[in-house]
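**Q** Predicted model follows, preceded by the sequence.
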Amino acid sequence: MKVQTGYLYHIKDEFFDRVNGNGLMINHENGHSRPSYLAIKDEMILWFIPLSTKIDKYKSIIDKKVKKYGSCKTILIKKIAGRNQAILIQNAFPTLEKYVQSRHTIDGKIVKISSAVQREIIDNFEYMLSLKSNGLNLFFTDIDFIKGLMFKELETSNK
């Protein structure tokens, strides 16, 4: 399967077993493939940003951040596939294509996020990466550790 930016996917349990947590959200709830993850392709690594339907929970967090800092770039609430979703940029993580289980579909249709929403998510994600490179880490996941594991796997598979 070719993973593309702007589409939603599900990640294999094998990935979560491989990285042993490191701040990652739980992959499955009640036997369902959750959460769905938005893909961002970045050369050799794929980034995935989880989505949540717990709007009230995340709206409260956004409101507190906006009150304290004037804005919130770590969580967005946008309409995706006809319903509001919390986009948890703060929970983003890198992985490889081999850990992608499937594309997210609704009634057999592949879900793609609109270009405008994609741009806003990517802009906020890149902003958070730039803050991290300057010493301010707003990510909940240990992205450096996970990225290191993924690059080691790439090196091993290319030998």
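**A** Cool, got the structure.
**Q** which residues touch the spatially most central residue of the chain?
**A** For the chain, the residue nearest the mean C-alpha position is residue 49 (1.0 Å; CA atoms, centre = their mean). With contact set as CB atoms under 8 Å, 6 or more residues apart in numbering, residue 49 has these partners: 37-38, 40, 87-89, 91-92, 121, 125. Bear in mind the C-beta positions are built from the backbone N, C-alpha and C, glycine included.
**Q** Just list whatever residues bridge to it.
**A** When assigned by DSSP bridges, residue 49 has beta-bridge partners residue 38.
**Q** what pLDDT does residue 24 get?
**A** The per-residue pLDDT reported for residue 24 equals 67.
**Q** what residues are up against residue 75?
**A** 58, 61-62, 65, 86-90.
**Q** Among the contacts of residue 49, which ones are in helices?
**A** Residues of the contacts of residue 49 located in helices (DSSP state H): 121, 125.
**Q** Pipe the contacts of residue 49 into a markdown table and attach pLDDT per row.
**A** Listed next are the contacts of residue 49 as a markdown table, based on pLDDT from 0 to 100:
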| residue | pLDDT |
| --- | --- |
| 37 | 91 |
| 38 | 92 |
| 40 | 93 |
| 87 | 96 |
| 88 | 96 |
| 89 | 97 |
| 91 | 94 |
| 92 | 95 |
| 121 | 96 |
| 125 | 96 |
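**Q** Buried ones among the contacts of residue 75?
**A** Buried members of those, counted by 16 or more other CB atoms under 10 Å: 58, 62, 86-90.
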